[in-house]
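S.K.: Requesting a structural model of the entry that follows:
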Amino acid sequence: MKIFSGISIIILILAAALVGGTFYTVKESQQVIITQFGKPIGSAIIEPGLHMKLPFIQQANYFEKRFLAWDGEPNQIPTKDKRFIWVDTYARWRIVDPLLFFQRLRNQRIAQSRLDDILDGGTRNVVANHRLIELVESGLDKNKLREKGLEKIKYGREKLAKEVLYQAAPKVKDLGIEILDFRFKRINYVEEVRKKVYARMIAERKRIAEQYRAEGAGEAARIAGEKDRQLKTITSEAYRTAKEIKGKAEAEASRIYAKAYQQDAEFFDFLRSLETYKKALRKDTTLVISSKSELLKYMSNIQKKRNSP
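M.R.: Okay, here's the model as predicted:
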């Protein structure tokens with residue numbers, strides 16, 4: 001009985017190992033390549049569920065179906081205008097052909113190493129062929145602002161990232177993978193040139209500020225000139241209107257005087273003489289004139305009337 005029990009246990013263990021080596025499970029996020037003695041056989045298994053293989057002889061190699069992250073190491077790279085900067089990048093990729101991926105790379109660790117070579121090399125080429133301002137600029141929508149003082153650029157950070165992605169795409173196609181996205185995570189100046197860059201930025205902003213001040217002064221001068229022109233126009237128009245009113249008033253006064261003169265010339269002359277006396281003979285005024293002067297005609301008549309009996 002003890003021998004029979006030992007044999008039964010061995011048989012059960014062998015059966016469990018046989019069943020366990022025969023069946024394997026594929027999850028929704030996985031894809032599998034079956035290898036026999038290390039060589040892949042058949043196409044990739046991408047359908048989730050329970051599958052079968054030959055036990056002990058065949059082996060299931062699992063690969064991710066989901067998006068995978070690649071995080072590059074920060075590198076010191078010179079730009080086209082000879083500025084040394086630190087560039088930190090990242091990308092998203094996935095395995096699109098598991099069989100080709102297994103044949104060329106075998107596993108994700110080697111794939112990450114190949115991506116380091118391809119993406120770091122592409123980043124160096126792109127950065128070295130463009131100016132620093134094109135890497136710092138996050139987009140081309142600020143060119144309207146640059147028209148007022150900042151330097152115009154043809155490229156931007158997003159476009160340069162797409163250029164790296166475009167260069168890397170054919171290189172990874174034969175590896176069974178696809179790069180979905182590539183981005184510049186961080187761009188920083190090397191310590192040696194940081195102060196110079198900051199000084200240039202300050203000088204650039206000062207130049208823009210001076211340009212705005214000059215434009216403001218010009219606009220102020222234009223407004224002041226327009227004000228003076230309008231003031232002169234208004235003053236001239238007011239002077240002309242005043243002269244017209246004064247002329248009409250004088251004409252009306254002359255008409256009234258003429259009408260009064262026609263009604264009683266002697267009385268009119270008498271009133272005008274009184275007005276003349278009032279204006280000419282002020283207090284403390286000494287007037288030396290002839291007694292036969294027309295100015296003293298009415299005064300002489302008054303004196304004669306006083307002296308007559």
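S.K.: Break this protein down into its domains, please.
M.R.: 2-64, 68-189, 265-309 (automatic domain parsing).
S.K.: Quickly, which of those bottoms out on average pLDDT?
M.R.: Note on these: lowest mean pLDDT is at domain 265-309, with a mean of 63.
S.K.: give me the beta-bridge partners of residue 182?
M.R.: Residue 182 has these beta-bridge partners by DSSP bridges: residue 91.
S.K.: ranges for the helices of the stretch 101-250 of the chain?
M.R.: 108-128, 132-136, 143-146, 157-173, 191-263 (DSSP state H, counting those that start in this stretch).
S.K.: Could you pull up the mean pLDDT of the last one?
M.R.: Taken as a whole, helix 191-263 has a mean pLDDT of 84.
S.K.: by contact count, what packs against that helix?
M.R.: Packing partners of helix 191-263 (3 or more C-beta pairs under 8 Å, 6 or more residues apart in numbering; DSSP states H and E): helix 265-280. All C-beta atoms are positioned from the backbone trio N, CA, C, and that covers glycine.
S.K.: cool, and the fourth one?
M.R.: With contacts defined as 3+ C-beta pairs under 8 Å, 6+ apart, the packing partners of helix 157-173 are strand 84-95, helix 108-128, helix 132-136, strand 177-189.
S.K.: same thing but 7 Å
M.R.: helix 108-128, helix 132-136, strand 177-189 (3 or more C-beta pairs under 7 Å, 6 or more residues apart in numbering; DSSP states H and E).
S.K.: Check which residues of that helix are buried.
M.R.: Using 16 or more other C-beta atoms under 10 Å as the test for burial, helix 157-173 gives 157, 159-161, 163-165, 167-168, 171-172.
S.K.: next one: phi and psi at the residue lying closest to residue 131 once chain neighbours are set aside?
M.R.: With C-beta to C-beta, 6 or more residues apart in numbering as the criterion, residue 131 has its nearest non-adjacent residue at 4.7 Å, and that residue is residue 81. Note on residue 81: backbone dihedrals following degrees, to the nearest 10 are phi -90, psi 30.
S.K.: follow-up on the earlier one: between the buried residues of helix 157-173, which is nearest residue 194?
M.R.: residue 157 (19.0 Å; C-beta to C-beta).
S.K.: My guess is the closest one contacts residue 184. True?
M.R.: Yes. Counting by C-beta atoms under 7 Å, residue 184 is a contact partner of residue 157 at 5.7 Å.
S.K.: hmm, back to that, could I get the helices and strands packed on helix 157-173 as CSV with mean neighbour count and distance to residue 58?
M.R.: Formatted as CSV, these follow (neighbours: other C-beta atoms under 10 Å; distance: least, C-beta to C-beta, whole Å):
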stretch, mean neighbour count, distance to residue 58
helix 108-128, 17, 21
helix 132-136, 20, 50
strand 177-189, 17, 25
